[in-house]
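1. Build me a structure from this.
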Amino acid sequence: MGLYAIPVALLLGGLIILVELKRKKQRGPVDFLTLVNAIYFMSFAVSPIFLMTYDVETMSKWTWLTKEPRDSAVYFYAALIALFAYVGVLLGYGWAQKLPIKNRDHIPFGRPALSFAISDKQLLICGLIIGAIGTASFGIYTMTIGGPSKLFELAIVLRGGGNIFESKWMFLKNVSPFMLVASYFFYALMKQSSRPDIKRLAAVLFAVMFALSMALLFHKAGRMGLLSYLITFPIANMLFTGKIKLRTVVFGGLFFVFITLFGKQVFNYFMYPDGLTQRMGTVSEDTGGVFAMILAEFGFPFATLVNVMTSYPAAEPFRWFQDVAVGWMYILPDRLVGDIIELPATVSQVNTEQFGASGTVPVDLLSFGYLSMGLAGVAIAALVFGIMLAFMDRLFKDTSRMACIIFRVAWMNFFAFRVMYSDPEMFFAASFSLAAGTVMLLGSAWLTNKKQVKEYDWTHERQGESAELDHRAADRRRRNDAVPNGDSLKPRTV
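-> Residues are numbered from 1 along each chain as shown. Predicted structure coming up:
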């Protein structure tokens, strides 16, 4: 009965394509739902077909993807859940898009709309502050683990959860991504400033933050994190200029294939340099299996959904969304949290243990909903996710300002990958620095708006006074015209 998952997956894929082709995009060719559709399509429309038709057992690294026999009915039910969950995302997204929020595209009740026309000075200050915090944190963290050489050598080891250092400064690894956010500020300043000297300064600061961010991302050894960061800039530039460059699309596609096939070996190069050569040899000997290797990378969300449906609540009790309540605590220093509460294993750690796989098998959006509250949990997760997409789409709607666009694209990438990585611990860790930068951006926009309100109120008041004076003068003229002059009162002579 597992093969019945194929027609359901085809139906889901057709629905996603239809939605993407028919809906009207108000803010450029790429928006929040576009990227979510792309990841959802690969994870829950293509993956079931791949797992049902390809002999995954021949791929020694991926045998755990078909932990359940492929003739099991659970694959069919998982495909149905994926279909109805996508409808739930659309319902939440559509409902939130139509909420009667006050239209701020004009000046309501004499007040100007929230503006992202942030001054060069504000952007520079925001970038310098958050960049300084990130750079200092990265420097202290690097020295804690043994210097720059260890930063690259221990990338895979520390990513895999190896706790080989006992230091109170290890939590600064979660603060170091502030450098990525600083690069967003400097990139926006470089693109939208009209002053050549400011552009040159912003370009230098952006280059420094970009280089440090690449070093940090290499150390974190996350392929999707690296890809998400790098594609942010060309997508933002595309929305800013309104032009799609073919070479950018081609280069992005090639880089995606490369990082998917060789990313782990690249990150582990300084500890095991022969691994990259061996991987290249394997790929070159089996060029026909390259497509399968790429599809396997998107297979774990559907395989995880199948796994949790067989494990919860039969073997494991529902988690009742408790992971959301404690997810943010994982980014705090261990010594601070350890004195208050003993954090439970994350859902990804539990999932990896159940699969018996190496490394970490993340928990996707649908699996997280199911292991939390079954079918009701999937419905809640899908609806809330759709609402969050619409909220962010409406928040970052000024596509005429690079400062707004760059954060819009960063959040688009973040939410798109939450389809595959929805462990609350991963959610809070990945969004912490971006949320901090967003608060600074919105704070600057609020100050700009407040200044515009004062200017508008003063201008409106002066215009009102002027109109009142004009009205009084006109009234006096009308009264004077109505009073007869002296000549009209003289007696006429015959």
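2. Run through the residues that contact N237.
-> By Cβ atoms under 8 Å, 6 or more residues apart in numbering, the residues touching N237 are K191. All C-beta spots, glycine's among them, are computed from the backbone N, C-alpha and C.
3. what about it, helix or strand, and which?
-> helix 223-241 (DSSP states H and E).
4. what mean pLDDT does that helix have?
-> Throughout helix 223-241, pLDDT has a mean value of 90.
5. before we move on, what about stretch 355-373?
-> Here the average pLDDT along stretch 355-373 is 87.
6. for that stretch, the distance to its chain's centre please.
-> Centroid separation for stretch 355-373 versus its chain: 20 Å, with Cα atoms, centre = their mean, to the nearest Å.
7. Same question for stretch 437-447.
-> For stretch 437-447, the distance to the chain centre is 18 Å (Cα atoms, centre = their mean).
8. what residues does that stretch touch?
-> 114-116, 118, 122-123, 126, 129-130, 178, 181-182, 184-185, 403-404, 407, 411.
9. List the buried residues in that stretch.
-> Across stretch 437-447, burial judged by 16 or more other Cβ atoms under 10 Å covers G437, T438, M440, L441, L442, S444, A445.
10. before we move on, what about stretch 19-32?
-> R27, G28, V30, D31, F32.
11. Would you check which pair of the residues you listed lies furthest apart?
-> G28 and F32 (10.9 Å; Cβ to Cβ).
12. So the residue nearest the centre of the chain versus L227, what's the distance?
-> Most central residue of the chain, judged by C-alpha distance to the mean C-alpha position with Cα atoms, centre = their mean, is F414 at 1.9 Å. From F414 across to L227, the span is 12 Å (Cβ to Cβ, to the nearest Å).
13. and if you look at V283?
-> Counting by Cβ to Cβ - V283 and L227 are separated by 18 Å.
14. picking that back up, and the residue nearest to the centre of the chain, how far is that from A188?
-> 17 Å.
15. about what we covered before: settle it for me: which of V283 and L227 has more neighbours?
-> L227 (19 against 14; other Cβ atoms under 10 Å).
16. and the more buried one, what does it touch?
-> F255, F256, I259.
17. since we're on the second one, how many residues are nearby?
-> Taking other Cβ under 10 Å as the criterion, the count of residues near F256 is 17.
18. same check, this time on the one 10 residues further on
-> One way to gauge burial is a neighbour count; for V266, by other Cβ under 10 Å, it gives 19.
19. which ones are touching it?
-> I259, L276.
20. Does it lie in a helix or a strand, and which?
-> helix 246-267.
21. in the next helix-or-strand element following that helix, what's buried?
-> Using DSSP H and E, the helix or strand that follows helix 246-267 in sequence is helix 274-285. By neighbour count with 16+ other Cβ under 10 Å, helix 274-285 contains the buried residues G275, L276, R279.
22. can you check stretch 371-378 too?
-> Buried-residue list, stretch 371-378, by 16+ other Cβ under 10 Å: L371, S372, M373, G377, V378.
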